[in-house]
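whatever this is, show me its structure:
(one chain, ligands or ions: 1)
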Amino acid sequence: MSVVNMATGANGGLARTSRPAMYAITAVAAAGCVAAHRWNQAVTTKRLADGIVRSRQGRRRRRDGSDPGDPARRGPGGVFGTAMAALGGVGGVDGSVDGDSASEGDGGAAVGNQLGRPPGVGPGGAEACLDGGGGGSGSGGGSLLPPGGGAGVGEGPSLRRKQSGSRGAGAGGGGGVDRVFAAQLWKFLKIVIPGVHSREFALLVVIAGLLGARSYCDIWASDNGGRVVKAIVSRERRAFYRRAIRDIFIMAFPMSAVNTGLRFTLAHLKVMFRLRLSQHFHDKYLNAANTFYAVSNLDNRIQNVDQLLTTDIDRFCTSLADIYSNLSKPALDVVLFSRRLSRSLGPRAAPLLISYFVACSVALRAVQPPFGRLVAEEQRLEGEYRLHHSRLITHGEEVAFYRGYRFEKVYITDALGRVAAHMARVFRARARIGFCDQLLIKYVATIVGYSIVSIPVFFPHLVKAPHRAAAASAARLRVSSRALTAAVGLLPAKLAIPPEAACLSAEKAPSDDAIRDGADSSASDIAGLYTRNSRLLIALAGAIGRLVLAGKSITALTGYCARVARLDDVLSDLAVSTVPRAPLESSTDLHTEARLAALMTPGSLVEGRGGGVKFEGVNVIAPDRSVLLTDVNVEIPRGTHVIVAGPNGSGKSSLFRVLAGLWPLYGGTLFRPAGSRVFYVPQRPYLTLGTLRAQVVYPLTWGEAVAEMGASDQLIMGFLSDARLLHVAARKGGLDAVRDWADVLSGGEKQRLGFARMLFHRPDYAVLDEASAAISLEAEGYLYERAQELGVTLVTVSHRPSLFRFHTKILALDGQGGYAYRDLVEGDVPALTFSAGDGSAASAVMSAAPDATESEGEGGPDDGEDAPEELASGSASA
Ligand SMILES: Nc1ncnc2c1ncn2[C@@H]1O[C@H](COP(=O)(O)OP(=O)(O)OP(=O)(O)O)[C@@H](O)[C@H]1O
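Below you'll find the model as predicted:
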């Protein structure tokens, strides 16, 4: 308020205010602050409860600028613009590219309205509205020194750079601006801008043109503001109408087009960058090597690949596009506005202002809290809180059966409390830096601004400017302005801005020279000059601020770049080899390490069309480097149905993870059929989004299924009938019904669907991993027989004795790393049926088969060599 009043002349009123009244105002303000703080803390919990649950989307919207966001998060941004706008009584010169909300910034129109009335002070509200994105916006500038810093907490300047706030989250850990960063950036630039003929490059050129046009518009607005004031103060009605109505009306069209075009093209550029980069990563992530599985399950270098692929790529692209505009336009503005100001305020004005803000920047940086760390912590705590909620949603049924809501509530409330406590710390830190920011950037900056603007009025002898250069520059701007107007076709070029009426006309401009030369400087000259200079000053300050922010944005960009580059490196590594680079656990025991290194030598894979499955000296080692099986020698020819038995955790499923290529192949050689001739049916089949028909043909699309497998509705219905699922088709709306199938089907129905899918695909081999545990014995038997009829070789991982009769061989793991592989014999089923507990099943098989080679502990190659071919066995020790 004080700044506005100072500028409007209302400060006189303030000065006249009695002391008790001032004390009262101060006390009320202080009480207000305390109450606001209390209220802030009180609503924190509610806001968190409301906001954090949907925080990811909300934050993204705010970062994108499509949502003005929580005002509390925006901090004291724009204060310098406010101060300077108040100082000059103008605003909005520069406030519209990014500030698109009427609530953003202040000062512009409001101050202008106040100033528009009395002569002698600078109006500007009308033009502020012109330039500003909304009614009240356009106080210009934006805070030059957002306390948020490179990885700030949403403390960015209100008008310009909301992105430097919370967008910095997670970027704090980024590298610096060095050669590595340059190399990474270059690599990604080549991806997002594939060449000079690409659409992205064309858009960059368009943006450059628009930014240049925008700078000229700003200068025009400053000059015209001066003329309007001069016309008012000198009571020249015709001049006023020309400047304030006709000229502004004419320029309003190109200026609006430039502003809107800039926003549009920048937003478009970000999306195009994101598309390119995401496509690049999708190609590396979703491929035949199952990199998406390996990156989360086999490699520990990246913990949250989903966030990297979605949020971080988006942030990187946004940051990249912003940097382009944040560097080029302010740099151009600083040059243009400094030159223009030096003509009317002398050569020292611009350097003085620049020095002041650089000094402020250094000072504020020194007292700035570690917002990067605070944001990272906030993200972590919010992640924890979200995780509790998502776990509850995932396991809702189990928790409900246990009536475990009280237990869950304790966890969730604790997590929320930690977030709230942290946010209170962040708010306190913000308040501290906000005070310094207000002091230096708002109030002291006002003094500096007043001082600079007063130079030509009180110290005209300090202002020296080359007259000819001024005239030439004015002529250039005049031509540009005319061309701009003509370009939109509003008026013929000649009429657009006639020289005598041109806003930039040196002859009619508020006379710098008159003041400089000490000639008769009328009140109108001074007012006009004051208005113009203060607007230029605001614009210059805004430009400096954006340059400072651009530096911070680069810091943030290094963080995003480092994260995205890491993802790129890991995906590249995994595409070449799934051998984990960074083991999850490391042993300090050298002997163990040496043994592991020997066991973890990459094996070889031989794929042949129509071939069988054969493990030859293969080691099965979990991603955390626990050794499950070594030297596995098992051959499963086509037509040989094998049941795999063994205690929990003995490595039954893991063996087939190796077969499917999900886990790395270590040791010897693996032979398997080419392509997708081995089909995996898990206990909980994956049900995709889409129709019932799509569930059956998955992972083929319907088009592929028709082309490759001759799929038809009749065929699908036949397999659904085999799986006793016709009632599902009937009840849920037929083959084309789209449902969340994972929710609407029972456990047994899902398993039957898994069988229907397997029957449809008719693979050479089907690995059924507890795939029929929830299916009735009668239906299970039918499905097994049906699969065998279709020529599918069945490899079943199961504890169910009922399944033994469908198999001819047994692979029994003992849970200690030992195994036996041999023909099933009569006595096996009872032995397994009556064996007690885990581990004894495999022992029962082994003891029931005296000719089976079995081993414990360290098994050597001898074990396998001595064994009959069809009863190869091996051993392993964990
Ligand atoms: N991604 C993983 N990372 C580390 N260890 C794993 C991973 N997956 C499985 N394991 C470990 O490997 C061992 C074998 O797991 P596997 O799933 O093969 O057991 P299983 O014999 O199929 O057991 P069950 O009968 O219970 O299904 C287990 O001890 C398990 O903890």
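
for the helix or strand that contains residue 375, what does the pLDDT average out to?
Remark: residue 375 resides in helix 371-394, with elements defined by DSSP states H and E. What helix 371-394 shows for mean pLDDT is 81.

and the next helix or strand past it?
helix 396-402.

now could you export just the CA positions of that following helix as CSV?
In CSV, the C-alpha atoms belonging to helix 396-402 read as follows (Å, rounded to 0.1, in the frame of the first residue of the first chain):
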residue,chain,number,x,y,z
GLY,A,396,-8.8,-52.5,0.6
GLU,A,397,-10.5,-55.9,0.6
GLU,A,398,-7.9,-57.6,2.7
VAL,A,399,-7.8,-54.7,5.2
ALA,A,400,-11.6,-54.6,5.4
PHE,A,401,-11.7,-58.4,6.1
TYR,A,402,-9.2,-57.9,8.9
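
about what we covered before: other SSEs contacting the helix holding residue 375?
Helix 371-394 sits against helix 55-64, helix 405-437, with contacts defined as 3 or more C-beta pairs under 8 Å, 6 or more residues apart in numbering; DSSP states H and E. No exception for glycine: its C-beta is placed from N, CA and C like everyone else's.

now the angle from that helix to helix 405-437?
160 degrees (axes from the mean of the first three to the mean of the last three C-alpha atoms, to 10 degrees).

winner for burial among the helices and strands packed on helix 371-394?
helix 55-64 (a mean of 18; mean count of other C-beta atoms under 10 Å).

what comes up buried for the helix holding residue 375?
Applying a neighbour-count criterion of 16 or more other C-beta atoms under 10 Å, one finds 371-372, 374-379, 381-382, 385-386, 388, 392 buried in helix 371-394.

so which bits of stretch 237-251 are buried?
For stretch 237-251, the buried set under the neighbour-count rule, 16+ other C-beta under 10 Å, comprises 239-240, 242-244, 247-248, 250-251.

any idea of the mean pLDDT in whatever helix or strand residue 575 lives in?
Using DSSP H and E, residue 575 sits within helix 523-576. The average pLDDT within helix 523-576 is 79.

same check on stretch 664-673?
Stretch 664-673 shows a mean pLDDT of 91.

which residues touch that stretch?
Applying C-beta atoms under 8 Å, 6 or more residues apart in numbering, the external contacts of stretch 664-673 come out as 298, 577-580, 599-621, 630-631, 658-659, 678, 764-765.

buried ones among those residues?
Among those, those classed as buried by 16+ other C-beta under 10 Å are 298, 578-580, 599-600, 603, 611-621, 630-631, 658-659, 678, 764-765.

how is this protein divided into domains?
Domain assignment for the chain by automatic domain parsing gives 40-467+511-566, 598-687+749-871, 692-744.

need those domains in CSV (columns: distance to residue 592).
Below are the domains of the chain laid out as CSV (distance: least, C-beta to C-beta, whole Å):
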stretch, distance to residue 592
domain 40-467+511-566, 19
domain 598-687+749-871, 9
domain 692-744, 40
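
for the ligand, which of these is the nearest?
Closest approach to the ligand among the domains of the chain is made by domain 598-687+749-871 (3.3 Å; C-beta to the nearest ligand atom).

all helices of the stretch 751-878 of the chain, in order?
Ranges of helices in the stretch 751-878 of the chain, per DSSP state H, counting those that start in this stretch, are 777-789, 828-834, 840-848, 861-866.

please apply the same query to the stretch 151-300 of the chain.
Using DSSP H, counting those that start in this stretch, helices in the stretch 151-300 of the chain cover 179-192, 199-233, 237-240, 248-285, 291-297.

include distance to residue 340 and mean pLDDT when you put those helices into CSV, please.
Formatted as CSV, the helices of the stretch 151-300 of the chain follow (distance: least, C-beta to C-beta, whole Å; pLDDT from 0 to 100):
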stretch, distance to residue 340, mean pLDDT
helix 179-192, 34, 93
helix 199-233, 6, 87
helix 237-240, 22, 87
helix 248-285, 17, 93
helix 291-297, 54, 87
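
pick the most buried one from those.
Each of those was assessed for mean neighbour count using mean count of other C-beta under 10 Å. The highest is helix 199-233, with a mean of 22.

packing partners of that one?
helix 125-131, helix 237-240, helix 248-285, helix 313-345, helix 467-487, helix 523-576.

check the helices of the stretch 751-878 of the chain for me: which has the lowest mean pLDDT.
helix 861-866 (a mean of 34).

among the buried ones among the contacts of stretch 664-673, name the ones in strands.
613-621, 630-631, 678, 765 (DSSP state E).

looking at these, spot the one nearest residue 413.
Using C-beta to C-beta, residue 621 comes nearest to residue 413 of these, at 41.8 Å.

pretty sure the closest one is in contact with residue 651, am I right?
No: counting by C-beta atoms under 8 Å, residue 621 sits too far from residue 651 to count as a contact (9.7 Å).

who's in contact with the closest residue to residue 213 other than its chain neighbours?
Among residues not flanking residue 213 along the chain, residue 258 sits closest, at 4.9 Å (C-beta to C-beta, 6 or more residues apart in numbering). Contact partners of residue 258, counting by C-beta under 8 Å, 6+ apart, are 210, 213-214, 217.

distance of residue 258 from residue 415?
48 Å (C-beta to C-beta, to the nearest Å).
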